[in-house]
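Colleague: using only what follows, build the 3D model:
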Amino acid sequence: MTYVVTDNCIRCKYTDCVEVCPVDCFYEGENFLVIHPDECIDCGVCEPECPAGAIKPDTEPGLDMWLKVNADFATQWPNITVKKDEMPEAKEMDGVEGKYEKYFSPNPGKGD
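Modeller: Presented below is the predicted three-dimensional model:
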């Protein structure tokens with residue numbers, strides 16, 4: 001099992017989860033975070049820290065796509081290990097439907 005970041009992170013990008021991760025398995029895109037599934041130790045401390053509720057265990061049904069997105073982009077984006085400010089539009093984007101199709105950016109973030 002691993003944890004995955006899902007679409008509600010897009011254009012929110014809260015990093016409270018990054019701060020508590022004991023193995024630094026988060027990677028930063030321009031407007032989204034991902035978890036490297038091979039580095040995640042399944043401790044679950046990140047899940048309750050996400051204000052947007054975007055982190056889920058991959059054992060939940062319907063998360064196959066998100067496991068692939070996390071695995072693919074974790075190898076392309078820089079590692080992030082420190083908390084940063086959320087995106088300016090985070091509060092208004094929290095809970096918006098169809099974020100992946102409308103807003104996802106494959107571009108890397110800055111990382112640490």
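
Colleague: list the contacts of stretch 17-26.
Modeller: Contacting residues not belonging to stretch 17-26 are listed as 15, 33-36, 39-41, 43, 45-47, 49-50, 55, 74, 79-84 [C-beta atoms under 8 Å, 6 or more residues apart in numbering]. Every residue, glycine included, has its C-beta placed from N, CA and C.

Colleague: ok, 10 Å please
Modeller: 2-3, 5, 9, 15, 27-28, 33-41, 43, 45-52, 54-55, 70, 74, 77, 79-84, 111-112 (C-beta atoms under 10 Å, 6 or more residues apart in numbering).

Colleague: just those: which are in strands?
Modeller: Cross-referencing the contacts of stretch 17-26 against strands under DSSP state E gives Tyr3, Val5, Tyr27, Glu28, Leu33, Val34, Ile35, Ile55.

Colleague: biggest separation within those residues, which pair?
Modeller: Tyr3 and Glu28 (16.0 Å; C-beta to C-beta).

Colleague: which one of the two has more residues nearby?
Modeller: Taking other C-beta atoms under 10 Å, Tyr3 and Glu28 do not tie; Tyr3 has more neighbours (27 against 23).

Colleague: how much space separates that one from Asp16?
Modeller: Per C-beta to C-beta, to the nearest Å, Tyr3 is found 14 Å from Asp16.

Colleague: okay, and the common contacts of those two?
Modeller: Cys46, Cys50.

Colleague: the contacts of stretch 17-26, buried ones only, as a PyMOL selection?
Modeller: Buried residues within these, by 16 or more other C-beta atoms under 10 Å, are selected in PyMOL with:
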select buried, resi 2+3+5+9+15+27+28+33+34+35+36+37+40+46+49+50+52+54+55+70+74+77+80
